[in-house]
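Undergrad: Below are the sequence and a predicted model for it; my questions follow.
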Amino acid sequence: MNLAQTRRTVFHTARRSRHRLRHAFLSAAVALALWWGLVRLFHLPEFLLPTPEEVALRGWQAIQDGTLLHHTWITLQEVLSGLALGAGSATVVGYVLAKSRPLERLLAPYLVASQSVPVVAIAPLLIIWFGTGLLAKTLICALIVFFPVLVNTVVGIRSVPEALRDLLRALDATPWQVIRYLEIPAALPVFLGGLRIGATLSVIGAVVGEFVATDSGLGFLINLARGRYDTPLVFVAVFTLIALALALYGSVLALEHHFLAWQTPSGKPHR
């Protein structure tokens, strides 16, 4: 890609980002206006549906007393550790399965069966076996992240054109060179797509673990606020979870822009 093409790509990316931000702010403004109007129109009490102002005030109070930051940090640790464990193990297992169809046929029923059982049903067992600390919640997050990243890894590795493999074999490339210069670049777009899904699901895994048994985290904060009919605090915790999921999703998108800069927006390489 030459300098002119790079500048055009940066310009178009920045313009698309500004366009998306404008749409996001407009959508948020409309949603807040409808929310406020609904509460005022039907005179709903705060414990049933608070106004945006009441939620914002409660959120500021939770930030000032350190409650929100403490529980957010606990949940973030669970999410990041579970995402790293789940995505890392799924990548290794997915690569092995992509290379061995007999092994895939052997393990596929067990992998699919593991996904048919809701994480909510498995979480109590993990809490019993590993306690209520970070490890149990990390494992719950890893389980929910594992399958989508695994599937995308297998699909990505198998999407590598056989002609390119033959070319590298003809050039006497080592197995590591095949992985580094062919399989990783070819599989990366599909893999990152799976990682996007896994990143958002990891937040769900953390909250499931905190709902089952814990004394900290945003899931615990939601349960605590619900028991006290502190509905504004429930909204604050939920919005914080949404912000975490969006931040993780955006981080994976940033990785895509960085590692897939050689692709055009249409997904075709520059010429």
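TA: Thanks, I have the structure now. Numbering: from 1, shown residues only.

Undergrad: so what's A142 up against?
TA: 82-83, 85-86, 89, 205 (CB atoms under 8 Å, 6 or more residues apart in numbering). Backbone N, C-alpha and C define where each C-beta goes, glycine included.

Undergrad: Identify, from those residues, the entry nearest to L192.
TA: L83 (13.2 Å; CB to CB).

Undergrad: That closest one contacts C141, correct?
TA: Yes: assessed by CB atoms under 8 Å, L83 is found in contact with C141 at 6.4 Å.

Undergrad: pLDDT score for the residue of the chain most remote from its centre?
TA: The C-alpha centroid of the chain is most remote from A170, which lies 39.8 Å away (CA atoms, centre = their mean). Note for A170: predicted pLDDT of 82.

Undergrad: With I122 instead?
TA: pLDDT, I122: 85.

Undergrad: wait, it sits on A136?
TA: No: the pair I122 / A136 is not scored as a contact, 10.6 Å apart, by CB under 8 Å.

Undergrad: more neighbours, the two?
TA: A136 (23 against 17; other CB atoms under 10 Å).

Undergrad: that older thread, tell me which two of the contacts of A142 sit farthest apart.
TA: Put simply, by CB to CB the two of the contacts of A142 set farthest apart are S89 and G205, 14.1 Å from each other.

Undergrad: Between those two, which is the more surrounded one?
TA: Comparing S89 with G205 by other CB under 10 Å, the one with more neighbours is G205, at 26 against 15.

Undergrad: Please name the residues that touch that one.
TA: 78-79, 82, 119, 137, 140-145.

Undergrad: 10 Å instead, please
TA: 78-79, 82-83, 86, 119, 123, 137-145, 198 (CB atoms under 10 Å, 6 or more residues apart in numbering).

Undergrad: Next: L224.
TA: Each residue near L224 by CB under 10 Å, 6+ apart is listed here: 67, 71, 215, 230, 233-234, 237.

Undergrad: Within the helices and strands, which one has it?
TA: Assigning secondary structure by DSSP states H and E places L224 in helix 218-227.

Undergrad: one step back: intersection of neighbour lists for I122 and A136?
TA: By CB under 10 Å, 6+ apart, the residues touching both I122 and A136 are V212.

Undergrad: Excluding residues flanking it in the chain, which one is nearest L103?
TA: Distances taken as CB to CB, 6 or more residues apart in numbering put L97 closest to L103, at 6.0 Å, once the chain neighbours are dropped.

Undergrad: Just the buried positions in the strand or helix carrying the one you found, please.
TA: Taking DSSP H and E as the definition, one finds L97 inside helix 67-99. Residues 67-68, 71-72, 74-76, 78-83, 85-87, 90-91, 93-95, 97-98 are the ones in helix 67-99 that count as buried (16 or more other CB atoms under 10 Å).

Undergrad: ditto for stretch 223-230
TA: By neighbour count on 16+ other CB under 10 Å, the buried set for stretch 223-230 is 223-225, 230.

Undergrad: And stretch 147-167, by the same measure?
TA: So stretch 147-167, judged by 16+ other CB under 10 Å, has buried residues 147-158, 160.

Undergrad: That one: end-to-end distance?
TA: In stretch 147-167, first residue to last residue: 32 Å (CA to CA, to the nearest Å).

Undergrad: Likewise for stretch 117-136?
TA: 17 Å.

Undergrad: Could you save the contacts of A142 as a markdown table and add columns showing pLDDT and distance to G194?
TA: Output for the contacts of A142, formatted as a markdown table (pLDDT from 0 to 100; distance: CB to CB, whole Å):
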| residue | pLDDT | distance to G194 |
| --- | --- | --- |
| G82 | 93 | 15 |
| L83 | 94 | 12 |
| L85 | 95 | 15 |
| G86 | 94 | 11 |
| S89 | 94 | 13 |
| G205 | 89 | 15 |
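
Undergrad: got JSON lines for those residues, with distance to L241 too?
TA: What follows is those, written out as JSON lines (distance: CB to CB, whole Å):
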{"residue": "G82", "distance to L241": "14"}
{"residue": "L83", "distance to L241": "15"}
{"residue": "L85", "distance to L241": "20"}
{"residue": "G86", "distance to L241": "18"}
{"residue": "S89", "distance to L241": "24"}
{"residue": "G205", "distance to L241": "12"}
